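*Asks:* Build me a structure from this.
(chains A, B and C)
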Amino acid sequence: MDLKKIAEILKCDFGGENFEITKMNTLRDATKSEISFVANSKYVKDIQSSNAGVIIVDKSTKEFVPECCVALVVESPYWAMATLSKYFAPSIEDNTLPAPMIGEGSTISPKAEIANGAVVGKNCTIMAHVYIGANSQIGDNTVIYPSVAVYRDCKIGSNCIIHANSTIGSDGFGFATNKLGEHRKIYQNGNVVVEDDVEIGSSTAIDRAVFGTTLIKRGVRIDNLVQVGHNCVVGEYSVLVAQSGIAGSTTLGRNIVLGGQSAIAGHLSIAPFTTMAARSGVTKSINESGLTFAGFPLMEHRLWLKLQGKIARLIKQ
Amino acid sequence: MDLKKIAEILKCDFGGENFEITKMNTLRDATKSEISFVANSKYVKDIQSSNAGVIIVDKSTKEFVPECCVALVVESPYWAMATLSKYFAPSIEDNTLPAPMIGEGSTISPKAEIANGAVVGKNCTIMAHVYIGANSQIGDNTVIYPSVAVYRDCKIGSNCIIHANSTIGSDGFGFATNKLGEHRKIYQNGNVVVEDDVEIGSSTAIDRAVFGTTLIKRGVRIDNLVQVGHNCVVGEYSVLVAQSGIAGSTTLGRNIVLGGQSAIAGHLSIAPFTTMAARSGVTKSINESGLTFAGFPLMEHRLWLKLQGKIARLIKQ
Amino acid sequence: MDLKKIAEILKCDFGGENFEITKMNTLRDATKSEISFVANSKYVKDIQSSNAGVIIVDKSTKEFVPECCVALVVESPYWAMATLSKYFAPSIEDNTLPAPMIGEGSTISPKAEIANGAVVGKNCTIMAHVYIGANSQIGDNTVIYPSVAVYRDCKIGSNCIIHANSTIGSDGFGFATNKLGEHRKIYQNGNVVVEDDVEIGSSTAIDRAVFGTTLIKRGVRIDNLVQVGHNCVVGEYSVLVAQSGIAGSTTLGRNIVLGGQSAIAGHLSIAPFTTMAARSGVTKSINESGLTFAGFPLMEHRLWLKLQGKIARLIKQ
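*Replies:* You can find the predicted model right below:
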């Protein structure tokens, strides 16, 4: 879509040179042909180092945009970004894409649906009622159980197992809200990448990124009914036990253990080899590796045990 | 079914005039041709204002039933209601219903199943392995991702998005239990109505009402793995974050936010613009609008923060 | 597979008489033609009473294995067991099995998939997009809603209802971890048995046993989004409310109530007629019947109420 059209959609003034915009992206990752936005004053500092060709800003932020970059001024950059995201969303399916390619030795149930543009590797088992979306890729020797949905543009590695009724690549929970309390969807135009040797349980949900990738690294073990929010990174060999959840944009190091029903808030970073006991609730980043935590609010497990002793005494008083 | 037959099923005395009973309903909503019940002494006061043609009661409650209304006396009205509910349950599918009607511009996967009597509006996308039950209605421009099940008699509005593997209209969790501890299913003969502009995540469950409607109002945003119990009302623009749950018959005002893994007990009412932090556990109604709560038991968020400070000091002591 | 081949796979010395090994099993249940293992010193005491034909042990445990039983010595018996489990896993589907048998009066959607070797009883309703795996058995009068997956070798009783998008028999969450933090899958070669008169909600996950059976007894009621781990036993007429979870190898007596979002840790035993309030977290076995508990850590409900009073006073101080 060209810049002039974008300015029209957002109803903002634009008199400069028109050019083609290929994508929406974060300030950090956007290139010259891409458009980004600043919706929060804490990101103003990132404008200078951004390579974005266009940045959507509000009036007060305009002055920080360098000359080499087009500033589109709107009342609410976040709402504008939501508005615009719809125009950059690819169609859910696309029949002009080539027929799906299936590797040698793979068994595809006639009751599975493999969309055009998808590629399935060798010796895979794709069972009944599975959906593999447009341009998705499945590696070799991977087993996908019934009623799994892999949305478009996602990648599943080799030697993976995905159990029934799980969803890979559904939209992240993103929307802008106006002063009237109404919401507008932020189309999630990123994807999910699941590396090799990953096993995912049943009825688990892994959301696609708003931009970029939600990444499940090699060797991860995910149990049933787990939620992984958009733009998370789950480090190698991490273990997410049943009914645990991770909000958006959180990064886990390798060999993290999340106990059953535990949860991690968004935009955090968890050091490698951290263990969270069942029901832990994590609201701050963990910088030191190898510790064990429990409770909500979170504390070191030994402190949590001590607290339980104190509470037991409190009851007796 | 006629009243004589009902009396036979419930094995209770009946010598009055026979007439046709069309439906089971609550005391409040039942009409002259409908049957209701009193299973709990706190509803005795509602008998006088009920228009029900027949009320199932126990011996001690019979005297409160006015002359214009037939009283069927049983040992356990709740068990009797469960017994009877089966007879009022419509068949799951019905091939005598007309073939489904699909609006102009809609794309229906040949691998989806649209039951007889269903109506899909214009420009919808119904993907592979979706199930749309008998007499269900889908509005215009709505996208339903793979393996979503919409049970019979439910309505989904226009401009909605429902992500993969979610279930709309499964039976509410209702049963009667006798003195031996055995359960008898209460057939859930109501439905679910999802209004316009609603987005629902993956692997979310919204149960149909026992009588009447479970209602998701305009503009609501529901994340993945969320539970909405039977007969709930979720107010306009409310936001239910991943893994949160609402037990049956709870009413949420508009623009409620339920944080991740939070929960609300049944039969409560939550004032508009209430925010529940992640992991909140709500066991009482909230009458004042616009407040923020946290914790379980629930308290105002500022008190919860104060409590955490006290607990931190308790640990250090 | 013969013992010589097993010794080769595990790269351990074996010079004895070769014989056929039919199965992997626990020390307690293994027979003369079966192989077991000791991965934890607390099970050393069970070696003497085991009838296993072969036991995988480490060097230090070898001396406890009686002469009548073959000891295969490896560095890590748990890792060896994981390695070996793959060889004992049956194929997911098997086209040499007889065509599925469907009882009189049953309605099977043409969009359901019933694998070879499966048997469906009389008067069942198997809806669109359901998957019934190899050698699975469904009793009479059972209703299975859309997109339910029943994995191979599982049994569902008569008069059961399973709601949409639930999974019966997915693999339990089992794996061995080596010193590098890498995981190896333990193939789950047991099954799930659901007895008669059970109702299971939508998007619920019941994992198959690693060996033996995950058992849901007669009359149980399971709500939506519930997790039941491998090798659990859920007693007659128990009630598992939405979003509750049970970790592996826990046994519930009859008429247990698990409130919403409550959880029970693994390898516990819960006495009959125990009630857990919503959000309870159970980490120890309950031996006395008929009590009501709450909180995490768990305490009797009356103590929990007392604690909440103390906490309320703590905030005011």
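*Asks:* Pull up the residues of the stretch 101-250 of chain A that are close to chain C.
*Replies:* Residues of the stretch 101-250 of chain A found near chain C (CB under 8 Å from any CB of the partner chain) are A:109, A:111, A:125, A:127-129, A:143, A:145-147, A:161, A:163-165, A:199, A:201-203, A:219, A:221, A:223-225, A:236-237, A:239, A:241-243. For every residue, glycine as well, the C-beta is placed using N, CA and C.
*Asks:* Need the three-state assignment for the residue positioned nearest the centre of chain A.
*Replies:* Of all residues in chain A, the one closest to the mean position by CA atoms, centre = their mean is residue A:230, 2.2 Å from it. Classification of residue A:230 by DSSP: H, G, I helix; E, B strand; the rest coil places it in coil.
*Asks:* you'd agree it is up against residue A:247?
*Replies:* No. Between residue A:230 and residue A:247 there is no contact under CB atoms under 8 Å: 9.2 Å.
*Asks:* list the contacts for residue A:93?
*Replies:* Residue A:93 sits next to A:115, A:116, A:133, A:134, A:152 when contact means CB atoms under 8 Å, 6 or more residues apart in numbering or on different chains.
*Asks:* quick one: which of those is nearest residue C:179?
*Replies:* Closest approach between the contacts of residue A:93 and residue C:179, by CB to CB: residue A:133, at 38.8 Å.
*Asks:* What distance do you get for that closest one to residue C:236?
*Replies:* The gap separating residue A:133 from residue C:236 is 43 Å, by CB to CB, to the nearest Å.
*Asks:* Settle it for me: which of the two has more neighbours?
*Replies:* Taking other CB atoms under 10 Å in any protein chain shown, residue A:133 and residue C:236 do not tie; residue A:133 has more neighbours (28 against 20).
*Asks:* Name the nearest residue to the more buried one, ignoring sequence neighbours.
*Replies:* Leaving aside its sequence neighbours, residue A:133 sits nearest to residue A:152 (CB to CB, 6 or more residues apart in numbering or on different chains; 3.5 Å).
*Asks:* got the phi/psi numbers for the one you found?
*Replies:* Backbone torsions of residue A:152, given as degrees, to the nearest 10, read phi -60, psi 150.
*Asks:* That one: what's it in contact with?
*Replies:* Residue A:152 sits in contact with A:90, A:92, A:93, A:115, A:117, A:133, A:134, A:135, A:136, A:169, A:191, where contact means CB under 8 Å, 6+ apart.
*Asks:* What is the most widely separated pair among the residues you listed?
*Replies:* Spanning the widest gap among the contacts of residue A:152 are A:93 and A:191, at 15.2 Å by CB to CB.
*Asks:* Surely residue A:8 forms part of a helix?
*Replies:* Yes. Assessed with three-state DSSP, residue A:8 lies in a helix.
*Asks:* Show me what residue A:234 is bridged to.
*Replies:* Here residue A:234 sits in beta bridges with residue A:216, as judged by DSSP bridges.
*Asks:* Next, count neighbours for residue A:4.
*Replies:* Residue A:4: 15 surrounding residues under other CB under 10 Å.
*Asks:* wait, isn't it in contact with residue A:14?
*Replies:* Yes. With contact defined as CB under 8 Å, residue A:4 counts as touching residue A:14 (6.4 Å).
*Asks:* Who are the contact partners of the nearest residue to residue A:80 once chain neighbours are set aside?
*Replies:* Of all residues not flanking residue A:80 in the chain, residue A:74 sits nearest, at 4.3 Å (CB to CB, 6+ apart). Contacts for residue A:74 (CB under 8 Å, 6+ apart) come out as A:10, A:11, A:12, A:56, A:57, A:58, A:80.
*Asks:* Can I get stretch A:41-56 in PDB, CA atoms only?
*Replies:* Extracted in PDB, the C-alpha atoms of stretch A:41-56 (Å, rounded to 0.1, in the frame of the first residue of the first chain):
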ATOM      1  CA  SER A  41       6.200   8.100  25.600                       C
ATOM      2  CA  LYS A  42       8.700   5.500  26.800                       C
ATOM      3  CA  TYR A  43       9.500   4.600  23.200                       C
ATOM      4  CA  VAL A  44      10.300   8.200  22.200                       C
ATOM      5  CA  LYS A  45      14.000   7.400  22.900                       C
ATOM      6  CA  ASP A  46      13.900   4.700  20.300                       C
ATOM      7  CA  ILE A  47      12.900   7.000  17.400                       C
ATOM      8  CA  GLN A  48      16.400   8.200  16.700                       C
ATOM      9  CA  SER A  49      17.800   4.700  16.200                       C
ATOM     10  CA  SER A  50      14.900   3.500  14.100                       C
ATOM     11  CA  ASN A  51      15.200   2.800  10.400                       C
ATOM     12  CA  ALA A  52      11.500   3.100   9.800                       C
ATOM     13  CA  GLY A  53      10.500   5.000   6.600                       C
ATOM     14  CA  VAL A  54       7.400   6.300   8.300                       C
ATOM     15  CA  ILE A  55       6.400   6.700  11.900                       C
ATOM     16  CA  ILE A  56       2.900   7.400  13.200                       C
END
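*Asks:* Identify each buried residue in stretch A:284-291, please.
*Replies:* residue A:286 (16 or more other CB atoms under 10 Å in any protein chain shown).
*Asks:* touching chain C at all, it?
*Replies:* No. Shown here: stretch A:284-291 not in contact with chain C (CB under 8 Å from any CB), separated by at least 11.4 Å.
*Asks:* Domain parsing of chain A, as residue ranges.
*Replies:* Taking automatic domain parsing as the reference, chain A has its domains at A:3-88, A:94-165, A:185-317.
*Asks:* what's the distance between the second one and the middle of its chain?
*Replies:* Mean C-alpha position of domain A:94-165 versus that of the full chain (CA atoms, centre = their mean, to the nearest Å) differs by 20 Å.
*Asks:* do the same with stretch A:200-208
*Replies:* Relative to its chain's centre, stretch A:200-208 lies at 12 Å (CA atoms, centre = their mean).
*Asks:* Can you tell me what sits against the lengthiest helix in chain A?
*Replies:* Criterion DSSP state H: the longest helix present in chain A is helix A:301-316. Identification of contacts with helix A:301-316 by CB under 8 Å, 6+ apart yields A:275, A:277, A:292-295, A:299, B:311, B:314-315, B:317, C:297, C:299, C:303, C:306-307, C:310.
*Asks:* ok, back up a step: drop anything exposed from the residues of the stretch 101-250 of chain A next to chain C.
*Replies:* A:109, A:111, A:125, A:127-129, A:143, A:145-147, A:161, A:163-165, A:199, A:201-203, A:219, A:221, A:223-225, A:236-237, A:239, A:241-243.
*Asks:* still on that earlier bit, output the domains of chain A in JSON lines; the columns should cover mean pLDDT.
*Replies:* Formatted as JSON lines, the domains of chain A follow (pLDDT from 0 to 100):
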{"stretch": "domain A:3-88", "mean pLDDT": "94"}
{"stretch": "domain A:94-165", "mean pLDDT": "98"}
{"stretch": "domain A:185-317", "mean pLDDT": "97"}
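*Asks:* re earlier: ranking the contacts of residue A:74 by neighbours, who comes first?
*Replies:* Neighbour counts for the contacts of residue A:74 peak at residue A:56, which has 29 neighbours (criterion: other CB under 10 Å).
*Asks:* Show me what it is bridged to.
*Replies:* Under DSSP bridges, the beta-bridge partners of residue A:56 are residue A:37, residue A:72.
*Asks:* And for residue A:184?
*Replies:* Applying DSSP bridges to residue A:184 gives these bridge partners: residue A:176.
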